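Asker: Predicted model, plus sequence, below.
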Amino acid sequence: MLEALSAVDARRWAVLTRAAFAARRAEIDALNVYPVPDGDTGTNLYLSLDAALDSVRTEHEKAGILGDASLAQECTAMARSLLLTARGNSGVILSQLVRGFAEAIAESGKDVADAAIIADGLERASQRAYASVTRPAEGTILTVARAAAAAGAAAVERGLAAVAEDALDAATEALKATTSQLPALERAGVVDAGAAGYLLLLEALARVVHQDDTHVGERMEVFADHSMRRREDWSHAGGVVTPTGATGGSPTGEGDLVLDGPAYEVMYLLRDSDEERVATLRDSLDRLGDSLLVVGGPDLWNIHVHVDDVGAAVEAGIDAGRPYRVRVTHFAGQGGGAVQGGRADQVARVPAAGVAVVACAAGPGLAELFEQAGAHVVSSGPGKRASAGQLLDAARAAHALEVIVLPNDGDTVMAAEAAASAAEQEGVTLHIVRSRTAVQGLAALAVFDASASASRNASQMSHAAAATRHGAVAVASKQALTSAGPCEPGDVLGAVAGDVVIVGDDLEAVAIDVVARLLSSGGEIVTVIGGADAPPGLTESLGARIERGHRDVEVSLIDGGQPHYPLLLGVE
């Protein structure tokens, strides 16, 4: 049994965790409460850590310290690499957990990590995870990390083994409790997927401390049989199943930019501050407006917020440190009115120089369309979502000082924000347009103005994305309770803004119903994107029916080739 962790032990901890993620990723993916197989929390955790380990090895080889790196060098390199390889929201939060451990080890100045240092790492990991989101929600990986930290701190006097064991036990109990802490998890009868991943990391730590080489993942087995609520329980359940509850997605509750929201976008860099003052700044800005993003540290932060009171937002920055490169955009002064464009032939050509655009695409047809518009395309979709490093590489390849990023997927937004934080250190500014589906990304790119500044474009594109109502049609892969009632495998599901509102048996009929709901509050352009699983002729037949039923709208048909969703729908 170990009394302290060396650099070799830290490497073994990381390798065991990777093996556990690899072995259990399908089970973690299955914790997705949405009845379409696009939840990939386990896959994102595995790919993030696997790529980070490869990156650290390459870095140490170049530095000539492979196998000889100190504990601080190992952990610091892993934290830095994991931030860039992070995929999905779960991967980004994992990177912050690891950063907490790395900070505790580096600041200790010791060659080995004893009970006190590991307990400090657990606490810092929890703090970093909470700080990574603007509006933390209980019943997620954040809750489990906090429970583990508290148990580890209480066990310090009993040694490293006690810290590892008690943290693991507390995390196991906290993971069980997540089912009742979030309504979506309770209705589906599952635990939080991201939190399940953290449990594997803590179990790997306990194995290393006990010098036990047996399989990591025993703690997960108790949860493996509860990946969905049994059909006989449905009569006692109710409510809405949404795609963000248990997939390791952002536990923030943050909203997109909306047309009736705050009037100004305020952005600035902040120096001469510290974590405590930045935390106060974050709270102040959260009270002032929305779309808040505070990333960076320890000596430089990037601030973004939408507010009505510009003066108060800047004054809050002055109280926290030294703000500079302040940019203020008045949304009402950007053309306003109805959003134009959104059709394939209305997407503007983005110039190769000046402001560049990086767009994520889930299918070959969408990739081709974004490329034709001049965007630098990164392949990203369920099971292979883009990492922060891939987005940063695409931004570098654009050879522009300012780059607009279109994630086009809700679970890639945090990775884009991590890329923005890393890019700032290189003198490149990334503006994130929070497009959560391909139709929003196309609408955003359609209003790109090559003659305007990056900040102006980003805010105008954000308006266009937020103003695009979106829906989807998919085929259920498992039993689930939706807001439209229970579904069985093979049922056709119609979703509006991510919420299942129709359960039917015909793709076209369900799509017509979804379009009608999207058009209920008006619209000028309907975009239909056919997926890889769309039957031949479906998009054309659907487009014709929409035109016959709604003669005042224009219909755009696109062969997107995206997986899991035969149809993606948008209305502008």
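Answerer: Happy to help now that I have it.
Asker: Report the residue spans of the stretch 201-350 of the chain with pLDDT below the cut-off.
Answerer: 213-215, 221-261, 291, 293, 295-297, 300, 302, 325, 327, 329-350 (pLDDT under 70).
Asker: Now with 80, please.
Answerer: Scanning the stretch 201-350 of the chain for pLDDT under 80 picks out 213-265, 267-269, 290-304, 324-350.
Asker: mind listing the strands for the stretch 451-572 of the chain?
Answerer: Using DSSP state E, counting those that start in this stretch, the strands of the stretch 451-572 of the chain run over 469-475, 480-482, 485-487, 492-496, 499-504, 525-530, 554-559, 567-571.
Asker: JSON lines for these, including mean neighbour count, distance to A14 and mean pLDDT?
Answerer: All C-beta spots, glycine's among them, are computed from the backbone N, C-alpha and C. Putting these into JSON lines (neighbours: other CB atoms under 10 Å; distance: least, CB to CB, whole Å; pLDDT from 0 to 100) gives the following:
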{"stretch": "strand 469-475", "mean neighbour count": "25", "distance to A14": "36", "mean pLDDT": "94"}
{"stretch": "strand 480-482", "mean neighbour count": "25", "distance to A14": "35", "mean pLDDT": "85"}
{"stretch": "strand 485-487", "mean neighbour count": "17", "distance to A14": "40", "mean pLDDT": "90"}
{"stretch": "strand 492-496", "mean neighbour count": "24", "distance to A14": "38", "mean pLDDT": "94"}
{"stretch": "strand 499-504", "mean neighbour count": "20", "distance to A14": "38", "mean pLDDT": "92"}
{"stretch": "strand 525-530", "mean neighbour count": "25", "distance to A14": "39", "mean pLDDT": "94"}
{"stretch": "strand 554-559", "mean neighbour count": "19", "distance to A14": "42", "mean pLDDT": "91"}
{"stretch": "strand 567-571", "mean neighbour count": "27", "distance to A14": "38", "mean pLDDT": "94"}
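Asker: Next, format these as a markdown table and append distance to Q96.
Answerer: Output for these, formatted as a markdown table (distance: least, CB to CB, whole Å):
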| stretch | distance to Q96 |
| --- | --- |
| strand 469-475 | 29 |
| strand 480-482 | 31 |
| strand 485-487 | 35 |
| strand 492-496 | 30 |
| strand 499-504 | 29 |
| strand 525-530 | 34 |
| strand 554-559 | 37 |
| strand 567-571 | 31 |
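Asker: Now for A52: which residues touch it?
Answerer: Neighbouring residues of A52 by CB atoms under 8 Å, 6 or more residues apart in numbering: 78, 81-82, 84-85.
Asker: now R57
Answerer: L66 are the contacts of R57 under CB under 8 Å, 6+ apart.
Asker: switch the cut-off to 10 Å
Answerer: Counting by CB atoms under 10 Å, 6 or more residues apart in numbering, R57 touches 11, 66-67, 77, 81.
Asker: What subset of these is buried?
Answerer: 11, 77, 81 (16 or more other CB atoms under 10 Å).
Asker: Look at the last one and tell me its secondary structure.
Answerer: To tie it back to what came earlier, the one meant is S81. At S81 the chain is in helix, as set by DSSP: H, G, I helix; E, B strand; the rest coil.
Asker: Could you measure from it over to A154?
Answerer: 32 Å (CB to CB, to the nearest Å).
Asker: can you check D166 too?
Answerer: As judged by CB to CB, D166 and A154 stand 7 Å apart.
Asker: got it, and R187?
Answerer: 34 Å.
Asker: neighbour count winner among the two?
Answerer: Of the pair R187 and A154, R187 is the one with more neighbours under other CB atoms under 10 Å, namely 23 against 15.
Asker: can I assume that one is in contact with P486?
Answerer: No. The pair R187 and P486 fails to qualify as a contact (CB atoms under 10 Å) at a distance of 11.1 Å.
Asker: Secondary structure class of L31, three-state.
Answerer: coil.
Asker: scratch that, R396
Answerer: helix.
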